[in-house]
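Chemist: Provided below are the primary sequence and the corresponding predicted coordinates.
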Amino acid sequence: MDIARAVDQRATAEPTDVDFGLIRWADGERPPVTRSIAHGNKGSGSVTFRLKHNASHQAGNSPAPPGLFRLGADSVTVPAHRMAAVSFTVPPEATDVHKPFSGDVSATTTTACQ
């Protein structure tokens, strides 16, 4: 672990984990469950993050059904010294697979936070 880099990191994400809880599949109509991920920029100029998610079930061996996890945007631009949130939604009707899912959301940029 690079402690110095961690302390001086200019780009952040909060929360670092998102839990959608137990979504009961047999309860009839279920509304989508939405959480937010806020991206922070401690730098002196704006930065744009490209967002991508990867979700699977069965310990990462099978991809999640298409559309089960939805990011509110493919990218987010965060002004200097600010935060910007992006929604992350699970619409239960997108699958009939009754298994636990896990995954990650990555945020990448071609420019460094200065």
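Modeler: Yep, it's here.

Chemist: Buried ones in the one helix or strand His53 maps to, by neighbour count?
Modeler: Counting by DSSP states H and E, the element that carries His53 is strand 47-57. Going by neighbour count (16 or more other CB atoms under 10 Å), the buried part of strand 47-57 is Val47, Thr48, Phe49, Leu51, Ala55, His57. No exception for glycine: its C-beta is placed from N, CA and C like everyone else's.

Chemist: now do stretch 79-90
Modeler: Across stretch 79-90, burial judged by 16+ other CB under 10 Å covers Ala84, Val86, Phe88, Thr89, Val90.

Chemist: avg pLDDT for it?
Modeler: For stretch 79-90, the mean per-residue pLDDT is 93.

Chemist: how far out from the middle of the chain is it?
Modeler: Distance, stretch centre to chain centre, for stretch 79-90: 10 Å (CA atoms, centre = their mean, to the nearest Å).

Chemist: who touches stretch 35-53?
Modeler: Stretch 35-53 has contacts (CB atoms under 8 Å, 6 or more residues apart in numbering) with 9-15, 18-20, 69, 71, 73-89, 103-109, 111-114.

Chemist: run the last query once more with 6 Å
Modeler: Applying CB atoms under 6 Å, 6 or more residues apart in numbering, the contact partners of stretch 35-53 are 10, 12-14, 18, 69, 71, 74-80, 83-88, 105-109, 113-114.

Chemist: quick check: mean pLDDT across that stretch?
Modeler: Per-residue pLDDT over stretch 35-53 has a mean of 92.
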